[in-house]
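**Student:** What follows is a predicted protein model with its sequence.
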Amino acid sequence: AKQYTQILPKDIYFFLKINKKIWNNLKGLGADLGGGVGLVSSVIAKKKELKKIYCIEISKNAVIKCQLNVKRKILNKQKDKVISVIGSFDNIELNKSSLDFCIAWDAMHHSSNIVKTLKGVKKVLKKNGKFIIIDRAHNNSTPDKEIKRMENVVYPKEFLKSNSLPLNRILTRKMNGEREYKFRDWEKFFKKSGFKIDETMI
């Protein structure tokens, strides 16, 4: 988990409890979009108000090789509260208006079509359901040239080696699914997909 997320369960727990509104809305039936090794899902599943949470992750290895271990370590006998799913948050195959909340921790910027993805999330949420996104955003004054520079940074050989990739490969951050959005970009995405921004924390 340290290698994959670079954060620990106690860090996730601390962050989610900073804002009572966030913590109080993590209840009922939810989905963790781009859930990685299952850390966020497992921390949330410790809440007695949480019935079940789908941990949706596209990386088969993260789901099969890591999630069960993480769930056992954090939840013990309650590990079944987290339902591991190999799949993409770009195509959520859940019933319409079935979820009380969705959460995405450092994942939404990886979407190849963010508005389509957000519309899909809105579809599976109940009328008063909440979508909690923890992600990065740049000041609106950030020049487009700087955004392009960040996206086109080439990973060093150390990164390729640590991720079991060919050392002769040229891999940019953008090729790796990293996208850099400004605050106004996020606001535009939410508006186009029919979401209303309830609160913003920086």
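**Tutor:** That came through, no problem. Residues are numbered from 1 along each chain as shown.
**Student:** distance from the centroid: which residue in the chain tops it?
**Tutor:** The centre of the chain is farthest from one residue, Asn168, which by CA atoms, centre = their mean lies 30.0 Å away.
**Student:** For it, give me phi and psi.
**Tutor:** phi -90, psi 10 (degrees, to the nearest 10).
**Student:** Look up how far Asn128 lies from it.
**Tutor:** Going from Asn168 to Asn128 by CB to CB, to the nearest Å gives 52 Å. The way it works is simple: take the backbone N, C-alpha and C, and place the C-beta from them, glycine included.
**Student:** Also Asn176?
**Tutor:** Asn176 sits 36 Å away from Asn128, going by CB to CB.
**Student:** Please identify which of the two sits among more neighbours.
**Tutor:** The neighbour count for Asn176 versus Asn128, taken as other CB atoms under 10 Å, is higher for Asn176 (14 against 7).
**Student:** so that one sits right up against Val154, yeah?
**Tutor:** No - applying CB atoms under 8 Å, one finds Asn176 not in contact with Val154, separated by 10.3 Å.
**Student:** one step back: quick check: pLDDT value at the residue farthest from the centre of the chain.
**Tutor:** Confidence at Asn168, expressed as pLDDT, is 91.
**Student:** cool, Ser162 as well?
**Tutor:** As predicted, Ser162 sits at a pLDDT of 83.
**Student:** What is the burial count for it?
**Tutor:** Per other CB under 10 Å, the neighbour tally for Ser162 reads 11.
**Student:** What of Arg184?
**Tutor:** 12.
**Student:** quick one: it is in a helix?
**Tutor:** Yes - the assignment for Arg184 is a helix, going by DSSP: H, G, I helix; E, B strand; the rest coil.
**Student:** surely it meets Asn140?
**Tutor:** Yes - counting by CB under 8 Å, Asn140 is a contact partner of Arg184 at 5.0 Å.
**Student:** could you pull out the strands for the chain?
**Tutor:** For the chain, the strands defined by DSSP state E cover 28-33, 50-57, 82-86, 99-105, 125-134.
**Student:** can you put those in JSON lines and add distance to Phe159?
**Tutor:** Output for the strands of the chain, formatted as JSON lines (distance: least, CB to CB, whole Å):
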{"stretch": "strand 28-33", "distance to Phe159": "25"}
{"stretch": "strand 50-57", "distance to Phe159": "21"}
{"stretch": "strand 82-86", "distance to Phe159": "25"}
{"stretch": "strand 99-105", "distance to Phe159": "21"}
{"stretch": "strand 125-134", "distance to Phe159": "23"}
